[in-house]
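1. Predicted model, plus sequence, below.
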Amino acid sequence: MHPTKRRWAFVILVMTWLLAMPAIAQHGLETVPQELAEAFASMQTKVSSDPEALEQVIAAGRERAIFCNTCHGQDGSATRVNYPSLAGQNPVYLLDQIEQFADGSRKKLVMNVLAETFSVEEKVTLALYYSAMPLEPTEADLDLARHGAPVYQLRCAACHGPAGRGEEGYARIAGQQPGYVATVLREYKSGQSPRRFSVMYGIASALSESDIDAVAHYIASMR
């Protein structure tokens with residue numbers, strides 16, 4: 001089959017799945033078990049009004065995250081190209097991803113094994129800790145970024161926001177390493193992402209290889 005026809009066949013297949021399957025929530029506390037959602041909402045309310053409680057959560061999170069530093073960097077700013085930064089991430093999104101690893105709906109062996117060991121309190125603590133950490137800037141090719149800006153605004157801004165900061169449970173992607181973003185987009189484009197079913201499959205399938213690299217560097221340039 002011609003590559004163009006193959007791409008459109010994949011897009012049509014994705015859209016067919018979207019129409020045939022029950023709607024899958026992409027964000028919000030409705031994506032996690034009730035006990036976890038309630039614990040998160042309670043702790044988030046507490047730390048938002050009590051600086052001392054926030055400091056306690058950060059201290060506890062930093063201690064629990066000691067095994068996470070190798071991949072995700074000190075306080076969540078990753079330096080290894082194949083791993084995402086978690087610092088400054090939207091906490092509901094983080095909570096949802098931790099739970100997906102814990103229940104096996106998102107596949108990555110190390111994370112699946114690790115997340116299974118987390119208690120409800122630890123999941124909440126890690127989500128709030130990383131969200132409170134400042135994200136260290138990463139390098140980006142500004143020429144590529146300029147080409148990626150209009151593609152991003154057309155394809156990505158509706159969910160991740162014009163500045164890449166997302167909202168609610170949608171991921172903040174601003175400032176992620178370009179190599180990591182490009183890898184994730186190519187996984188979606190190929191249909192081989194370890195993440196659960198997502199509209200990202202359809203979005204990424206419409207991106208060319210050059211679009212992916214340009215968008216990745218534009219996202220990395222965001223602050």
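-> Right, received. Where do you want to start?

2. Give me the residue ranges of the chain where confidence is low.
-> Residue ranges of the chain with pLDDT under 70: 1-27.

3. three-state assignment of the residue nearest the centre of the chain?
-> Central residue of the chain (C-alpha atoms, centre = their mean): Ala171, 4.4 Å from the mean position. Secondary structure, DSSP: H, G, I helix; E, B strand; the rest coil: Ala171 is coil.

4. Domain ranges for the chain, per the record?
-> According to automatic domain parsing, the chain comprises the domains 3-21+137-221, 32-132.

5. quick revisit: what sits against the residue nearest to the centre of the chain?
-> By C-beta atoms under 8 Å, 6 or more residues apart in numbering, the residues touching Ala171 are 89-90, 93, 160. C-betas here are computed from N, CA, C, even on glycine.

6. of the residues you listed, closest to Val181?
-> Nearest to Val181 among those: His160, at 10.9 Å, using C-beta to C-beta.

7. So that closest one is in contact with Gly166, correct?
-> Yes: judged on C-beta atoms under 8 Å, His160 makes contact with Gly166 at a distance of 5.1 Å.

8. what touches both of these two?
-> Common neighbours of His160 and Gly166 (C-beta under 8 Å, 6+ apart) are 172-173.

9. helix, strand or coil for Gly88?
-> Gly88 ends up coil, using three-state DSSP.

10. I'd like to know how far the residue nearest to it when sequence neighbours are not counted sits from Glu116.
-> Once flanking residues are discounted, Gly88 sits nearest to Leu135: 3.9 Å by C-beta to C-beta, 6 or more residues apart in numbering. Taking C-beta to C-beta, to the nearest Å as the criterion, Leu135 is separated from Glu116 by 27 Å.

11. out of those two, which sits in the more crowded spot?
-> Looking at Leu135 and Glu116 with other C-beta atoms under 10 Å, you find the greater number of neighbours at Leu135, namely 21 against 11.

12. And that one, how far from Phe197?
-> Separation of Leu135 from Phe197 (C-beta to C-beta): 28 Å.
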